[in-house]
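Q: sequence? don't have it. structure:
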Ligand code: HEM
C-alpha cells in the first residue's frame, strides 16, 4: 500500500482500515427528516430541448448517508434503446439547519463531467424538494448553461423530478422529466 508521493509514513493500520467497507453509522440528527430520500432509485425519463432531438433514458440514483449532516448523491443514465451511457453527475444534499414546522433548509451541490457545476438552496418538506439555483458555472470549454431549476417530488417509494435549464442561448425551459422507484432502502 503506497501513501502517494508523501514522504511521511502512513499511520499504522491505514491501508487495512481504508480498504474495509464503510460502516453505516446512525444518521446525523439533522439528516433524520430526509430519511425518505435514502436508497437506490431506478426508473426512466424523457428529455428534450429546442436544439436537440428528444430522447428517452433509464436512470439510477443513489442517496446515502454516512453519519454526517448531508446525503451523498450519485446519478447515472443510459439511452433507453441502446443502453449507451448518457449523463452522469454526483454531489451532496447538505442539511443546513434544524427542521421548522417539518420544513428542512438544504443546499445541493452537483458536479457534472460536462464541466458544469451547480449550487442550489432550498427546502425539503417531506414531499417537495424545492430548489433555487444560486450558482451555475461552467469550465472554460463547457457548453453555456446559465440557469438550472430542479424540482423533486417524493411520494413513498416514488421519486419524480423535472429539470429546466437556460442553455446555449435558449431561455429557461424544460430539459428533463423522470420517475424513479426505490429498489433498496
Ligand atoms: C438525466 C440527466 C440528463 C440526461 C439524460 C441528459 C441528456 C442529454 C442529451 C441526450 C443531450 C443531447 C446530446 C448531447 O449534447 O449530449 C443533452 C444535451 C444537453 N444537456 Fe443534458 N442531460 C441531462 C442532464 C443535464 C443537466 C443537469 C444539464 C445542465 C445542468 C444538461 C445540459 C445539457 C446541455 C447544455 C446540452 C446541449 C444542448 C445543445 O448543445 O444544444 N443536461 N442532454
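A: Everything's here; your move. Since this is a predicted model, take the numbers as computed values, not measurements.

Q: so the strand or helix carrying residue 134, near the ligand or not?
A: Using DSSP states H and E, residue 134 maps to strand 128-138. No. Residues of strand 128-138 contacting the ligand under CB under 6 Å from any ligand atom: none, with a closest distance of 6.7 Å. Quick note: C-beta positions are derived from backbone N, CA and C, even for glycine.

Q: off-centre distance for that strand?
A: Distance of strand 128-138 from its chain centroid, counting by CA atoms, centre = their mean, to the nearest Å, is 12 Å.

Q: in that strand, what counts as buried?
A: When burial is assessed from 16 or more other CB atoms under 10 Å, strand 128-138 yields the following buried residues: 129-131, 133, 136, 138.

Q: TSV please, covering the residues you listed and showing pLDDT and distance to residue 168.
A: Listed next are the buried residues of strand 128-138 as TSV, based on pLDDT from 0 to 100; distance: CB to CB, whole Å:
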residue	pLDDT	distance to residue 168
129	97	26
130	95	26
131	96	22
133	97	17
136	98	13
138	98	11
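
Q: closest to the ligand among the residues you listed?
A: The shortest approach to the ligand among those belongs to residue 136, at 6.7 Å (CB to the nearest ligand atom).

Q: list the beta-bridge partners for the closest one.
A: Legend: beta-bridge partners of residue 136 under DSSP bridges are residue 118.

Q: what residues are up against it?
A: The neighbours of residue 136, taking CB atoms under 8 Å, 6 or more residues apart in numbering as the test, are 116-119, 145-148.

Q: mark which of those residues are buried, thanks.
A: Looks like those have 116-119, 145-146, 148 buried, using 16+ other CB under 10 Å.
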